[in-house]
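A.B. asks: let's see this in three dimensions:
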Amino acid sequence: MAKIKTKQLIYRIKHRYATTSNAVIVIAFVIAAGWAWGAVNVMQRNYELQREVSQKQRELQLVELQAQNLEYEKQYYKTNEYQSLAARDVLGLGDPGERVLIFSKNSPPPQDKSQPEEKPTTVLEKPSNLQQWGNFMFGGNSHSLQ
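C.D. replies: Numbers count the residues shown, from 1 in each chain. Got it, this is the predicted structure:
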């Protein structure tokens, strides 16, 4: 009996499912799945390449800005203003009418007398969080803490 049911099952599978139209559909599905998989791979590769191109463009812009900055520095170094500052710094030269003050190493720094002296202020210490809670729980007021 089991042999007959098995043979009937095999017969039904061969004639119902193993037809040429079903084989064509399976082959078409495999081709479509392969095409879709390839398309996804190509899109992924294009995304990665576009990301690399964008990164290279940003690096190019950065290098161009750095080159432009160096060009501006080069032009600045050619100006009379920079040459005057460099001569003053390196050679210790000054403009006409300027006076140089030299302080000894142990002298106090000069104080500007046009500004009033600052008076020391008293700093009130803030009570700790535990003290604040204790004050709150036992009915004290905030003025008693200060």
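A.B. asks: CA atoms for contacts and neighbours, from now on please.
C.D. replies: OK.
A.B. asks: run the chain-centre distance for the lengthiest helix in the chain.
C.D. replies: Secondary structure of the chain read by DSSP state H shows that its longest helix is helix 20-77. Helix 20-77 sits 22 Å away from the centroid of its parent chain (Cα atoms, centre = their mean, to the nearest Å).
A.B. asks: same deal with stretch 91-105?
C.D. replies: With Cα atoms, centre = their mean, you get 46 Å for stretch 91-105.
A.B. asks: and it, end to end?
C.D. replies: The straight-line separation of the ends of stretch 91-105 (Cα to Cα, to the nearest Å) is 21 Å.
A.B. asks: hmm, who's touching it?
C.D. replies: Contact with stretch 91-105 is made by 87-88, as judged by Cα atoms under 8 Å, 6 or more residues apart in numbering.
A.B. asks: need the mean per-residue confidence for that stretch.
C.D. replies: The average pLDDT within stretch 91-105 is 75.
A.B. asks: give the buried residues for that stretch.
C.D. replies: By neighbour count on 16 or more other Cα atoms under 10 Å, the buried set for stretch 91-105 is empty.
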